[in-house]
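**Q** Take a look and give me a structure for this.
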Amino acid sequence: MGVRFKPRGHISSSLSIDNFLKSHKNLSKTPPKLWLDTQHDPTEIDYQGLPILKLSHPILQALESCSSVRHFNQVHTQLIISALFQHSLVASRVVKKLCSSSLTVSQAVYVFDCLDEPDAFVCNTIIRSYVNFNDPFSALRFYYGRMVGKWVLPNHYTFPILIKVCAEIGSLREGEKAHARVVQFGFESDLFVRNSLIHMYSVCGRIWDAWMVFDAGPDWDLVSWNAMIDGYVKNGEVGVARELFDEMYERDVFSWNSMISGYVGIGDMEAAKGLFERMKIRDVVSWNCMIDGYARIGNVSVARDYFNQMPLRNVVSWNMMLALYVRSKNYSECLSLFDSMIEDGEAKPNEATLVSVLTACANLGSLERGKWVHSCLKNSGIKRDVLLSTALLTMYAKCGDMDLARDVFDEMPIRSVVSWNSMIMGYGIHGNAEKAIEVFMEMVKRGPMPNDATFVCVLSACTHAGMVLEGWWCFDLMCRVYKIEPKVEHYGCMVDLLARAGLMKDSEELISKMPMESGAALWGALLSACRTHSNSELGEIVAKRLIELEPRDIGPYVLLSNIYAAEGKWNDVEHVRKLMKEKGLQKAAGSSLVQFGEFNSESFVGNGLVHRKSMVYSMLSEMGAQMKLSCGDSNNMASKLGA
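**A** Okay, the predicted model is just below:
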């Protein structure tokens, strides 16, 4: 009995008919919904035949509860199926939901493009979201490309947002265009709009235009007065700001703080202190302004007094004091205050905090403390920006751990010119001039443009290593290729480099060709080299020149006495000693800071008759050198006679 097979085409046709019947059966059913019709009242119809919705509608509640893109797409689909998508309330809620995240703002713009009749509320929501997510240029493009392009009429909320955008990007031209549209649509009397215009003109440096807007208004509020005072302060007209301040019937903390910061900006701390003491209510900004003011004039003790009196401190308060101690070179106190900050727990350290602390560690040579800060940085979640990473590698470089400094340098995704300079400086001060030049060449090939500080670091490295040819090459490269005008620091490095190599005449010639007045540091470097290479004739000339430049500096006298002692001119040595005594010159006590684990130890040299001791030591040193020379000559002669 044979088996009969059905043709393949027949099977395919049967399946297609079955699928068609099933799909037709499904289409005849009611579309699935995310809500039940029985859960809300019957929908009313407006004059256009559209349903009148309320926020209590289930689909709007479902929209508000969306927690994922997939859930939102489901609700969006239901809105399209139910013909509610074009409803103004629904559209505004959809756009608002999408604008709650920077990742979905572009989708909100797409929804806007699908609306038949968008309104100002939808446009304002999108523009505001761009502003909140720090994208003012996109906000401006949307306004002109979509809102103006689709002839959407603005309302009184539109222009304050738009004017804020103009202030943020600092575009006076766009601000003036926005002002013209304000007048065109009749919103110039709106208080909120006028306050925005006052702020915009103040930020753009047009304080007179800000005053014209203020003066033309029918009424003002506290924001108006504060905006004008703040504008005058930021444009340097503190006196006019004070006149307005005195006219105010009502003031808040912002009013007082604006005036205090104005006086701080011009360095009038007496006036700032007078206002501060008159304040009935002070906030942390008030105290910070006073600390900042005294920090600017270098009054560390008074700034610390205000800091200690603060009822509440924020991280800015701590950072200002830490930075002040670094600027005043009181690095030990900076670290001590940082310890108090950690123990207090009042404020959490941030990037600026650690920059100051690492700078203090670098200047104290506290490598272990710097490593501890580095480990805290890794565990804190603080983002390492260019400034912080540079401070970290500078700490390692100054403390002598160039391997860790290089690790930090290699990990940096973006390096500033200061980062490169720190690496060059680190290799240079620790005697690895070849590596310093290697980093410099790498910087020339693929780094930022070298600046004058870069060449100071490179030339200093060449000086420490005695690399005369390399130093001349870098000096020529700086002048000829990079067109950097040499400064005193560059000439100082070159003079020191040539002098150390015994090329005193070249050093003197370089100093004479300097376009600026040569300082004491250059002549001092040349004088030191004269002593090293026993060039008494030039040394005497240079020493006298130095004494003319710095008559109260004991260094030239001591070096000159050393030169005379080396030549055996003891009468001249005694003459220099008497000259020092007549002028009352005395060398300061020498000190050295040595790190023993976590403890610091400072040793001082007694300063009794220091200039006499210096000369005696100089004479003894010269006598010792002469004795060694004599002994050497005697031994050579004896060996020759024995031979």
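
**Q** Go ahead and flag the most central residue of the protein.
**A** Nearest residue to the geometric centre of the chain (Cα atoms, centre = their mean): residue 387, 6.4 Å.

**Q** For that residue, which three-state class applies?
**A** What DSSP: H, G, I helix; E, B strand; the rest coil gives for residue 387 is helix.

**Q** wait, what's in contact with it?
**A** For residue 387, the contacting residues are 351, 355, 416, by Cβ atoms under 8 Å, 6 or more residues apart in numbering. Just so you know, the C-beta spots here come from the backbone N, C-alpha and C atoms, and that holds for glycine as well.

**Q** 6 Å - rerun?
**A** residue 355 (Cβ atoms under 6 Å, 6 or more residues apart in numbering).

**Q** Give me the distance between it and residue 414.
**A** Using Cβ to Cβ, to the nearest Å, residue 387 is found at 11 Å from residue 414.

**Q** Model confidence score at the residue nearest to the centre of the chain, please.
**A** Model confidence at residue 387, given as pLDDT, is 94.

**Q** residues of stretch 446-458 that come out buried?
**A** 447, 450, 453-458 (16 or more other Cβ atoms under 10 Å).

**Q** residues in contact with that stretch?
**A** Counting contacts by Cβ under 6 Å, 6+ apart, the residues outside stretch 446-458 that touch it are 417, 420-421, 424-425, 428, 440, 474, 478, 484, 489.

**Q** and those, which two are the farthest apart?
**A** For the contacts of stretch 446-458, the farthest-apart pair by Cβ to Cβ is 428 and 484; their separation is 18.2 Å.

**Q** more neighbours, the two?
**A** It is residue 428, of residue 428 and residue 484, that has more neighbours when counted by other Cβ atoms under 10 Å, with 26 against 17.

**Q** how much space between that one and residue 382?
**A** For residue 428 relative to residue 382 (Cβ to Cβ), the value is 30 Å.

**Q** Quick check: of the contacts of stretch 446-458, which has the highest neighbour count?
**A** Going by other Cβ under 10 Å, residue 424 tops the contacts of stretch 446-458 with 28 neighbours.

**Q** Would you tell me what helix or strand it is located in?
**A** In this assignment (DSSP states H and E), residue 424 forms part of helix 417-429.

**Q** Report the distance from that helix to the chain centre.
**A** Put simply, helix 417-429 sits 19 Å off its chain's centre (Cα atoms, centre = their mean, to the nearest Å).

**Q** same for that helix, what does it pack against?
**A** helix 386-398, helix 402-411, helix 433-446, helix 452-465 (3 or more Cβ pairs under 6 Å, 6 or more residues apart in numbering; DSSP states H and E).

**Q** now those helices as JSON lines including distance to residue 171?
**A** Listed next are the helices and strands packed on helix 417-429 as JSON lines, based on distance: least, Cβ to Cβ, whole Å:
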{"stretch": "helix 386-398", "distance to residue 171": "28"}
{"stretch": "helix 402-411", "distance to residue 171": "38"}
{"stretch": "helix 433-446", "distance to residue 171": "35"}
{"stretch": "helix 452-465", "distance to residue 171": "34"}
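
**Q** Of all these, which one comes closest to residue 273?
**A** Relative to residue 273, the nearest member of these by Cβ to Cβ is helix 386-398, separated by 32.4 Å.

**Q** what's the spacing between the residue nearest to the centre of the chain and residue 362?
**A** The span separating residue 387 from residue 362 equals 14 Å under the rule Cβ to Cβ.

**Q** if you average pLDDT over the helix holding residue 424, what comes out?
**A** Here helix 417-429 scores 94 as its mean pLDDT.

**Q** Going forward, count from 4.
**A** Let's use 4 as the start, then, which means that last one is helix 420-432.

**Q** just the angle between it and helix 389-401, please?
**A** Here helix 420-432 runs at an angle of 0 degrees relative to helix 389-401 (axes from the mean of the first three to the mean of the last three Cα atoms, to 10 degrees).
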